[in-house]
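*Asks:* one predicted model, sequence on top.
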Amino acid sequence: MKEVIFLVDDEPNVLSSLTRALNSSEYYDIVTANDGVEAIELLKTTSNVALIISDYRMPNLDGISFLLEAQEICPDATRIILSGVADLEMATNAINLGQIFRLLLKPCAPDNFIASVKAGIRQYELVTSERDLLQNTLKGSIKILTDLLAAINPESFSQSTRISVLTRKFSTELGLTNAWELELAGVLCRIGCVTIPPEVLEAWMKGRILDDNQRQMVDSVGKIGHHLLRNIPRLEKIAEGILHQATPFQPVGQKSTNTPKGTDIPLIGRILKIVIDYDRFLTIEPKPKAALKRLMTQANEYDPDLLKSFSDLIDTENDGKQNIGSKKDSALAEVSIDDVKNGMVIMGNVFDKKGRLLIGSGTLVTDIIKLRLANYNNIYGLDQTLLVRKVEMPPQNINI
């Protein structure tokens, strides 16, 4: 798809002149508008806009006001102002408010105009390529981390899968603008479990009494996760939230005055505290109402507003659960290890013949999961067929 150059000017002769100058190149599509209001509506339905060139003085909506609105619609597009009047205030506003790439004065020589257009397109390509590189690198890093968690500690990986589903629903319920951060925090919040012996985590999940050493291990999960994630670009806020995933909202006998409390705790941390504890309580007593009741008995540990919203979410979800459950049950099947395919969901814990847990219930099948199953089956054998959801489900697609 060609990159689009968007021209806005209330003078038809100027638009025609600029269009003729650009028509010498076959690499761009050109869209024109006669005023800012019309241009905003056109932008909403135009894709791949790389460069926006706008007149400064226009009726209804001036160039800077137009570019501010355009930035919301096409944040990656490079912006250039054309003006027949050069004054300091206009130039200052254009740069500070409109965040323009260049300011061109009318009449603009064709060579100068084309050179500015090419520079603007290069700027757009630089911005988008860097973003794509960052996103692909970030997604690759996340996949490596989650695959390692699945291989080293399958039960914690299953827990993180359940938590990410809940955080996705909760972020929708709360109407969060950066919902991807919360969902990703759910995916990665248990990555620190790779350092904890499985039997200690199992005891904690089942509500058994832990000694001081075991309790210290469990409490370190957030700190370890923060240490692993804090240096990955764009995960700084997520890492900070994961650090505080077990921090109580109203602490009792808090050891360190440096530990935040109340709304000073990052929002992601406050949400994770509720969701992780709810998931744990479901493991102890697998009934949503019973798990919510346990949350309420220690309500001082949670943000009251978030706890109310989460409780409403679970109650609403629970009301329609029967119909959803009957649909899911019809899709379950037992398959051999050779018939497991990417996108299936393993619906029961998988053990080898030595009784070691290989894959936790709720795990999405990936190449790494299949390889782990095949290797252990070849060496030790599996003591069961695999219960899966046969309807293939796409991997989580978190828009970063």
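*Replies:* All right, it came through fine.

*Asks:* tell me the secondary structure at L103.
*Replies:* Recorded secondary structure, L103: strand (DSSP: H, G, I helix; E, B strand; the rest coil).

*Asks:* which residues touch the closest residue to L18 other than its chain neighbours?
*Replies:* The spatially closest residue to L18, leaving aside those adjacent along the chain, is L7, at 5.4 Å (C-beta to C-beta, 6 or more residues apart in numbering). For glycine as for every other residue, the C-beta is placed from the backbone atoms N, C-alpha and C. When contacts are counted by C-beta atoms under 8 Å, 6 or more residues apart in numbering, L7 touches L15, L18, T19, L22, I30, V31, T32, A33, I53.

*Asks:* go on, Q245?
*Replies:* C189, V221, G222, G225, G269, L272, K273, I276.

*Asks:* kindly reformat the residues you listed as TSV containing pLDDT.
*Replies:* Listed next are these as TSV, based on pLDDT from 0 to 100:
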residue	pLDDT
C189	92
V221	94
G222	94
G225	92
G269	95
L272	96
K273	96
I276	95
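
*Asks:* in these, find the pair that's most separated.
*Replies:* For those, the farthest-apart pair by C-beta to C-beta is G225 and K273; their separation is 13.7 Å.

*Asks:* look up which helix or strand M296 falls in, please.
*Replies:* Using DSSP states H and E, M296 maps to helix 288-297.

*Asks:* show me what that helix is packed up against.
*Replies:* Helices and strands touching helix 288-297, by 3 or more C-beta pairs under 8 Å, 6 or more residues apart in numbering; DSSP states H and E, are helix 267-284, helix 304-319.

*Asks:* flag every buried residue along the shortest one.
*Replies:* Burial within helix 304-319, assessed by neighbour count using 16 or more other C-beta atoms under 10 Å, is assigned to L306, L307, F310, S311, L313, I314.

*Asks:* so the fourth one is in contact with A291, correct?
*Replies:* So the one you mean is S311. No. Applying C-beta atoms under 8 Å as the test, S311 and A291 come out as separate, 10.4 Å apart.

*Asks:* does the residue nearest to P110 when sequence neighbours are not counted count as helix, strand or coil?
*Replies:* The shortest distance from P110 to any non-neighbouring residue, by C-beta to C-beta, 6+ apart, is to A21 (4.9 Å). A21 carries the three-state label helix when classified by three-state DSSP.

*Asks:* any stretches of this structure with poor pLDDT?
*Replies:* Residue ranges of the chain with pLDDT under 70: 1, 24-27, 86-98, 134-135, 252-257, 320-330, 383, 390-400.

*Asks:* can you give me the helices in the stretch 101-250 of the chain?
*Replies:* Remark: helices assigned in the stretch 101-250 of the chain by DSSP state H, counting those that start in this stretch are 110-152, 154-174, 179-188, 198-205, 212-219, 221-229, 236-243.

*Asks:* let me redo that: the stretch 301-400 of the chain
*Replies:* Using DSSP H, counting those that start in this stretch, helices in the stretch 301-400 of the chain cover 304-319, 321-329, 367-379.

*Asks:* which of these sits closest to I209?
*Replies:* Among the helices of the stretch 301-400 of the chain, helix 304-319 sits nearest to I209 (C-beta to C-beta), with 25.4 Å.

*Asks:* give me the distance between the closest one and the centre of its chain.
*Replies:* 22 Å (C-alpha atoms, centre = their mean, to the nearest Å).

*Asks:* that one - contacts with which helices or strands?
*Replies:* Using 3+ C-beta pairs under 8 Å, 6+ apart: helix 304-319 touches helix 154-174, helix 267-284, helix 288-297.

*Asks:* coming back round to it: in a markdown table, list the helices of the stretch 301-400 of the chain along with distance to I40.
*Replies:* Formatted as a markdown table, the helices of the stretch 301-400 of the chain follow (distance: least, C-beta to C-beta, whole Å):
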| stretch | distance to I40 |
| --- | --- |
| helix 304-319 | 35 |
| helix 321-329 | 41 |
| helix 367-379 | 46 |
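
*Asks:* now for those helices, which one comes closest to D211?
*Replies:* That would be helix 304-319 among the helices of the stretch 301-400 of the chain, by C-beta to C-beta, at 29.6 Å.

*Asks:* alpha carbons only: can I get that closest one in CSV?
*Replies:* Extracted in CSV, the C-alpha atoms of helix 304-319 (Å, rounded to 0.1, in the frame of the first residue of the first chain):
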residue,chain,number,x,y,z
PRO,A,304,-12.1,-0.8,48.1
ASP,A,305,-13.2,0.7,44.8
LEU,A,306,-11.4,-1.9,42.7
LEU,A,307,-12.6,-4.7,45.0
LYS,A,308,-16.2,-3.6,44.4
SER,A,309,-15.7,-3.5,40.7
PHE,A,310,-14.1,-6.9,40.6
SER,A,311,-16.8,-8.4,42.8
ASP,A,312,-19.5,-7.0,40.4
LEU,A,313,-17.5,-8.5,37.4
ILE,A,314,-17.4,-12.0,38.9
ASP,A,315,-21.1,-11.9,40.0
THR,A,316,-22.1,-10.8,36.5
GLU,A,317,-19.9,-13.5,34.8
ASN,A,318,-21.2,-16.1,37.2
ASP,A,319,-24.9,-15.4,36.3
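
*Asks:* tilt between it and helix 288-297?
*Replies:* 170 degrees (axes from the mean of the first three to the mean of the last three C-alpha atoms, to 10 degrees).

*Asks:* nearest to I64, out of the helices of the stretch 101-250 of the chain?
*Replies:* That would be helix 110-152 among the helices of the stretch 101-250 of the chain, by C-beta to C-beta, at 17.0 Å.

*Asks:* quick check, N377 in contact with I337.
*Replies:* Yes. Using C-beta under 8 Å, N377 is in contact with I337, at 5.5 Å.

*Asks:* for the nearest residue to I242 once chain neighbours are set aside, what are its contacts?
*Replies:* Leaving aside its chain neighbours, I242 sits nearest to G225 (4.4 Å; criterion: C-beta to C-beta, 6+ apart). The contact partners of G225, taken as C-beta under 8 Å, 6+ apart, are L188, C189, R190, I191, G192, A239, I242, L243, Q245.
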